[in-house]
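1. Predicted model, plus sequence, below.
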Amino acid sequence: MSSRQSKTARFSIGQIVRHRLFPFRGVIFDVDPEFDNTEEWYESIPEDMRPRKDQPFYHLFAENAETEYVAYVSEQNLLADEEGGPVRHPQIAEIFDGPVNGVYLLKEANLN
């Protein structure tokens, strides 16, 4: 994180979000204040679509019409999900309860 300014994540753990460009949605289970993945991963993104590294990046239990997977997405490419319905990723139940009012809640055992 830069000493110039502190990055504040716009989204939070348990929030349901959707991708701004691609047809998938998911539940946030971790947040990096800035890009923290491999250069190989970053370089695999087409240059005209490559997000800035100096922003929060989110780990999502994601789903699209065909499958469930884990995604790593920049804040600039996420929007709050207005559907609010459950996300079907099988790992969600391991750490979250819900959704409750459109948000997944960390299970008590994960708060310690």
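-> All right, it came through fine.
2. for the protein, what spans make up the strands?
-> 16-19, 25-32, 57-63, 68-74, 78-80, 96-100, 103-106 (DSSP state E).
3. a markdown table for the ones you listed, including mean neighbour count?
-> Glycine gets a C-beta too; all of them are placed from N, C-alpha and C. Shown next, in a markdown table, are those (neighbours: other Cβ atoms under 10 Å):
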| stretch | mean neighbour count |
| --- | --- |
| strand 16-19 | 22 |
| strand 25-32 | 21 |
| strand 57-63 | 23 |
| strand 68-74 | 17 |
| strand 78-80 | 15 |
| strand 96-100 | 16 |
| strand 103-106 | 17 |
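4. Could you double-check that K107 sits in contact with I92?
-> No - using Cβ atoms under 8 Å, K107 is not in contact with I92; the gap is 10.4 Å.
5. pLDDT below threshold where in this structure?
-> The chain contains residues with pLDDT under 70 at 1-7, 109-112.
6. related to what we said a few turns ago, settle it for me: which of K107 and I92 has more neighbours?
-> Per other Cβ atoms under 10 Å, whichever of K107 and I92 has more neighbours is I92, with 21 against 13.
7. Tell me the bridge partners for the residue lying closest to that one once chain neighbours are set aside.
-> Leaving aside its sequence neighbours, I92 sits nearest to F61 (Cβ to Cβ, 6 or more residues apart in numbering; 5.2 Å). Note on F61: beta-bridge partners by DSSP bridges are V27, V70.
8. The nearest residue to S74 once chain neighbours are set aside: how many residues sit nearby?
-> Using Cβ to Cβ, 6+ apart and skipping the chain neighbours, the partner closest in space to S74 is P51 (3.5 Å). P51 has 15 neighbouring residues, counting by other Cβ under 10 Å.
9. With distance to A9 added, can I get the strands of the chain in TSV?
-> Shown next, in TSV, are the strands of the chain (distance: least, Cβ to Cβ, whole Å):
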stretch	distance to A9
strand 16-19	11
strand 25-32	5
strand 57-63	8
strand 68-74	11
strand 78-80	10
strand 96-100	18
strand 103-106	15
